[in-house]
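# Give me a model of this one.
(chains A and B)
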2 protein chains.
Amino acid sequence: VVDATGGSEFAAIERIAARFPAPPGGELWIGDDAAVVRIGGADVVVAADALVSGVHFDLSVTTIADAGWKALAVNISDLAAMGCVATRALVTVSGPPETDIDGLYEGIAEASERFACPVVGGDLTNAPVLVVSVTVLGDGGVTPRPVRRAGAQPGDVVWVTGPLGAASAALHARRSHLSNARPVPRVAEGVAARELGATAMIDVSDGFGADLGHVLDASGVGFELEGLPVAEGATPEEALSGGDDYELVWCGPAGTADGFAVRGLRPPVRVGTIVADPGRRPLPSRGWSHRFGA
Amino acid sequence: VVDATGGSEFAAIERIAARFPAPPGGELWIGDDAAVVRIGGADVVVAADALVSGVHFDLSVTTIADAGWKALAVNISDLAAMGCVATRALVTVSGPPETDIDGLYEGIAEASERFACPVVGGDLTNAPVLVVSVTVLGDGGVTPRPVRRAGAQPGDVVWVTGPLGAASAALHARRSHLSNARPVPRVAEGVAARELGATAMIDVSDGFGADLGHVLDASGVGFELEGLPVAEGATPEEALSGGDDYELVWCGPAGTADGFAVRGLRPPVRVGTIVADPGRRPLPSRGWSHRFGA
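Numbering: from 1, shown residues only, chains lettered A, B, ... in the order given. The predicted structure is shown next:
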């Protein structure tokens, strides 16, 4: 998420949330990876994110089909970060008349098929710049309940689904072979983490330090780092501060890795533990990278 | 909906729909005012539309709060056109750093409170132009079922909720006192039409002729015009071809007006009848306006 308000996105989001009533019991509104709402007697988990050409994707480096894939994938990742599965999507495309809508939808359809999340509606609209806004829906009535950002407890182990920093390294180097142009949302891993007792979860879109920081803020706890898995070709700094990785980070019991193995999933990597002192926490600063070695 | 593809929006939408599987029984996907999807055992009705600054609203004529109102209202209108009530919304805002997010959300919140449809999620993103994309959700498990565009039958009366052409007249004259800057979605009227046996329904966003044309196409029928209610200050041509009115048009039994009176709603206006011959239909052309007198 890039700031539309000159550096105060989170303050703006707090002001937005304050304009609406508190959610009724069992619902979860603004401020997590996805919302949970009650519709027609069911709990529905739903998220919406827009991708803007030149901001979230660069058509001089990736194809428009890659942009379409990414637009759907990052939203599926938001539901995965709740431990939920996106099953339906809506897409609004705003763009110049020369936009290659068919190429864009080729990538959307490929991600849709890969993750079993068909597009059921949306619209096409004229605009001076290409903006692809996606909404995904899924079943939020799962047991255990969808995993929020709040809920991390002192003593929880902090896990990550895989190495970090590849997307950032590709961006810095403009080495497209390293690019995360088609990020893979960790859907099965998110569901597994929820079922294995995750207390809090988020996906790495802004960067590990920033995103874990959201979890720590929401949970009122701190963090003791043990070490981060760094993607091949990336620096520790990129693993810590780079965004666009779409790996999942969650807090939970020590046995999570075994549970992943039982499910045939790649074992998660233990990166640290939750501590009670909310003042202890990683910051996505340069200085921090020294603590990882390299 | 304004074309992003240089004049072939409907062909583009057909190509998009062809990329995805056919919906399972009971679901309704691309091609109506809203989709109906089954999530967690419930039928959810959902629609998404984006509004673009300079295309769908003009900040030199209306306020940014009006734009926010309109962005939510036109989506609520899409669900009203199914005979359904939008109860939750997600909003993605993409815009320049100087965008008055608080002003935009003031209008969104006013529409949200007026129509009991709180914003539960979304995002803020940087972009060279302001694009507001809204998704609304509601209960689609209603009886009778949500009203599609297909379903109009020969002999059905065609009704409209109110006079047409005001928005178009305001646009042409740049007379802001006539402006439909804060369109009012006809929610109660849509529900009433569904409950009173509407066979097909749509809202007037593109213009009466074009929108009724979508119903005739989907239903494979024709139309015999009796007369259109023309908004004060508008011409018959504007009533026929102007968009942005957000009145509802539906096909159904002759007794609908009485049912509205019983509910305390403004009686709908009878504008014509459905006929079997699909070749008989109004076209949103200049020539057509002569048939209305003036």
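
# which ones are touching residue A:171?
The contact partners of residue A:171, by C-beta atoms under 8 Å, 6 or more residues apart in numbering or on different chains, come to A:242, A:244. Every C-beta, even on glycine, is put in place using the N, C-alpha and C of the backbone.

# Secondary structure element for it, which one?
Here residue A:171 sits within helix A:166-173, counting by DSSP states H and E.

# Go through that helix and flag the buried ones.
Applying a neighbour-count criterion of 16 or more other C-beta atoms under 10 Å in any protein chain shown, one finds A:166, A:167, A:168, A:169, A:170, A:171 buried in helix A:166-173.

# quick one: which of those is nearest to chain B?
Ranked by distance to chain B (C-beta to the nearest C-beta), those are led by residue A:171 at 15.9 Å.

# Residue ranges in chain A under the pLDDT threshold?
Confidence mapping of chain A against pLDDT under 70 gives the ranges A:1-8, A:174-179, A:283-294.

# Try it again at 80.
For chain A, applying pLDDT under 80 flags the ranges A:1-10, A:171-180, A:282-294.

# thinking again about what came up before, want to throw the buried residues of helix A:166-173 into a markdown table with distance to residue B:117?
Listed next are the buried residues of helix A:166-173 as a markdown table, based on distance: C-beta to C-beta, whole Å:
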| residue | distance to residue B:117 |
| --- | --- |
| A:166 | 40 |
| A:167 | 36 |
| A:168 | 38 |
| A:169 | 43 |
| A:170 | 40 |
| A:171 | 38 |
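
# farthest-separated two in those?
The distance between the two most remote of the buried residues of helix A:166-173 (C-beta to C-beta) is 9.7 Å, for A:166 and A:171.

# Not counting sequence-adjacent ones, nearest residue to residue A:187?
residue A:80 (4.7 Å; C-beta to C-beta, 6 or more residues apart in numbering or on different chains).

# Could you pick out the longest helix of chain A?
helix A:64-80 (DSSP state H).

# now for it, which elements pack on it?
With contacts taken as 3 or more C-beta pairs under 8 Å, 6 or more residues apart in numbering or on different chains; DSSP states H and E, helix A:64-80 sits against strand A:42-52, strand A:86-95, helix A:101-114, strand A:131-139, helix A:187-195, strand A:200-203.

# 6 Å instead, please
Applying 3 or more C-beta pairs under 6 Å, 6 or more residues apart in numbering or on different chains; DSSP states H and E, one finds that helix A:64-80 contacts strand A:42-52, helix A:101-114, strand A:131-139.

# now the ones you listed in TSV, with distance to chain B and mean neighbour count?
Converted to TSV, these look like this (distance: least, C-beta to the nearest C-beta, whole Å; neighbours: other C-beta atoms under 10 Å in any protein chain shown):
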stretch	distance to chain B	mean neighbour count
strand A:42-52	3	26
helix A:101-114	4	21
strand A:131-139	4	30
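
# Serialize those to TSV and add fields for distance to residue B:54.
Listed next are the helices and strands packed on helix A:64-80 as TSV, based on distance: least, C-beta to C-beta, whole Å:
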stretch	distance to residue B:54
strand A:42-52	16
helix A:101-114	20
strand A:131-139	13
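
# give me the number of residues near residue A:24?
10 (other C-beta atoms under 10 Å in any protein chain shown).

# swap in residue A:227?
Residues near residue A:227, counting by other C-beta under 10 Å: 13.

# Would you check how far apart it and residue A:236 are?
9 Å (C-beta to C-beta, to the nearest Å).

# now swap in residue A:104 and tell me
35 Å.

# Could you pick out the residues of the stretch 101-250 of chain A near chain B for me?
With the criterion set to C-beta under 6 Å from any C-beta of the partner chain, the stretch 101-250 of chain A comes near chain B through A:101, A:105, A:109, A:118-129, A:131, A:133, A:135, A:137, A:139, A:141.

# can you rerun that using 7 Å?
When proximity is defined as C-beta under 7 Å from any C-beta of the partner chain, the stretch 101-250 of chain A approaches chain B at A:101-102, A:105, A:109, A:112, A:118-129, A:131, A:133, A:135, A:137-141.

# who does the spatially most central residue of chain A bridge with?
Note on chain A: the residue nearest the mean C-alpha position is residue A:203, at 3.2 Å, using C-alpha atoms, centre = their mean. Beta-bridge pairing for residue A:203 (DSSP bridges): residue A:248.
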